[in-house]
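Participant: Sequence first, predicted model second:
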Amino acid sequence: MQEFLEINVEGTKLWNETTEEFIDVPGAKLKLSHSLISISKWESRHKKAFMKEGEKTFEETLDYIRCMTINGPFPDTVYMGLTDSDILRIKEYIDDPMTATWFSDIQAGTQIKKIGHETVTSELVYYWMLSFNIPVEFEKWHFNRLMTLIKICSIKNQPEKKMSRQEILARNRALNAERRARLHSRG
């Protein structure tokens, strides 16, 4: 999948029940990017963490789509023309991991110890980028891909976990059993 999403908004007329008049929605081709830059813009407007648990209001969601637009600006009426299908495509794009990398429970747990109890804001993500010497240009990457890179850096920078005596004995028993089976030996 590409780093950005294109959505075609069809030009149409919508009825505004409050003002009891038609609104012209111009057609447009939106180019959207779910990136650290977009999140940072949204957080500066709403003064709250984008990644915090909980649903966003429809207006906050629509505003995030405005922040994601990289080929604008477009009038606000363009965003009123987004269909339920468009919103679903945008949500799927935001949720896409954009990577083949996956983490075992052990790795994920190690990473969570380091960052799991903090409210994640764009500034914290920029801090992690600086800490791990990730170039600032990566702020344009799909956000989930950037977070995967940060998790990898966190895991790889952890000191090697020392094995307990029981783990060493279990590993040695398994290696000995494997050697005995391979060499057809009893000892």
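Facilitator: Okay, I see it. Just so it is clear, the model here is predicted, and its values are computed rather than measured.

Participant: For this structure, which segments count as strands?
Facilitator: 5-9, 12-16, 21-25, 28-32 (DSSP state E).

Participant: Which secondary structure elements does the third one sit against?
Facilitator: In terms of contacts (3 or more CB pairs under 8 Å, 6 or more residues apart in numbering; DSSP states H and E), strand 21-25 is packed against strand 12-16, helix 76-80. Yep, even glycine has a C-beta here, placed from its N, CA and C like the rest.

Participant: Return the most buried member of the strands of the chain.
Facilitator: Of these, the one with the most neighbours on average (mean count of other CB atoms under 10 Å) is strand 28-32, at a mean of 18.

Participant: tilt between that strand and strand 5-9?
Facilitator: 160 degrees (axes from the mean of the first three to the mean of the last three CA atoms, to 10 degrees).

Participant: Let me have the helices and strands packed on strand 21-25 in a markdown table, adding mean pLDDT and distance to T99 as columns.
Facilitator: Shown next, in a markdown table, are the helices and strands packed on strand 21-25 (pLDDT from 0 to 100; distance: least, CB to CB, whole Å):
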| stretch | mean pLDDT | distance to T99 |
| --- | --- | --- |
| strand 12-16 | 82 | 37 |
| helix 76-80 | 90 | 29 |
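
Participant: how about those in a markdown table, adding distance to T101?
Facilitator: Supplementary listing: the helices and strands packed on strand 21-25 in a markdown table, determined by distance: least, CB to CB, whole Å:
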| stretch | distance to T101 |
| --- | --- |
| strand 12-16 | 41 |
| helix 76-80 | 33 |
